[in-house]
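In: predicted structure and sequence below. I'll ask about it afterward.
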Amino acid sequence: MDTGFAKASSLENTAPAKEMIFTPEVVAQDGYDAMIRGDMEVISKLTPEHAEWFKTIPTTPKEILLKQIFDMQK
C-alpha cells in the first residue's frame, strides 16, 4: 500500500515500488475478499511469479535472499 515509505527511502522509481504499490481501497478490497473466502493471509495483487518466490523465502539462505531483494530495488 502507498505508505510513503518508497518516496522517503528514494525507492519510488524501482520496479517493486512501481509494480506493488496500491491504493488503500484496493488493499481493503483484497483483504475483504480473502476474509469472505476464509483465507487467513493475503498479499494484494500477488502475481504467480511473486507467489512462487514467496514460497521459497523460508528455505532460501539469507545471503541469496538479500541479493535478490537488492537486485529488485536497483
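Out: Everything's here; your move.
In: in the helix or strand Met35 falls within, what counts as buried?
Out: Per DSSP states H and E, Met35 falls inside helix 24-37. Buried residues in helix 24-37, counted by 16 or more other C-beta atoms under 10 Å: 27, 30. C-beta coordinates here come from the backbone N, C-alpha and C atoms, glycine included.
In: any idea how far the most centrally placed residue in the chain is from Met35?
Out: The centroid of the chain falls nearest to Met20 when counting by C-alpha atoms, centre = their mean (5.8 Å). Counting by C-beta to C-beta, to the nearest Å, the gap from Met20 to Met35 is 21 Å.
In: so which residues of this structure form strands?
Out: Here the chain has no strands by DSSP state E.
In: by mean pLDDT, which helix or strand of it comes out lowest?
Out: Scoring the helices and strands of the chain by mean pLDDT, DSSP states H and E places helix 15-20 at the bottom, with a mean of 75.
In: send the alpha carbons of that one over as PDB?
Out: Taking Å, rounded to 0.1, in the frame of the first residue of the first chain, the C-alpha atoms of helix 15-20 are listed here in PDB:
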ATOM      1  CA  ALA A  15      10.400  -1.900 -10.100                       C
ATOM      2  CA  PRO A  16       8.900  -3.200  -6.800                       C
ATOM      3  CA  ALA A  17       7.600   0.300  -5.900                       C
ATOM      4  CA  LYS A  18       6.100   0.800  -9.300                       C
ATOM      5  CA  GLU A  19       4.500  -2.600  -9.600                       C
ATOM      6  CA  MET A  20       3.400  -3.300  -6.000                       C
END
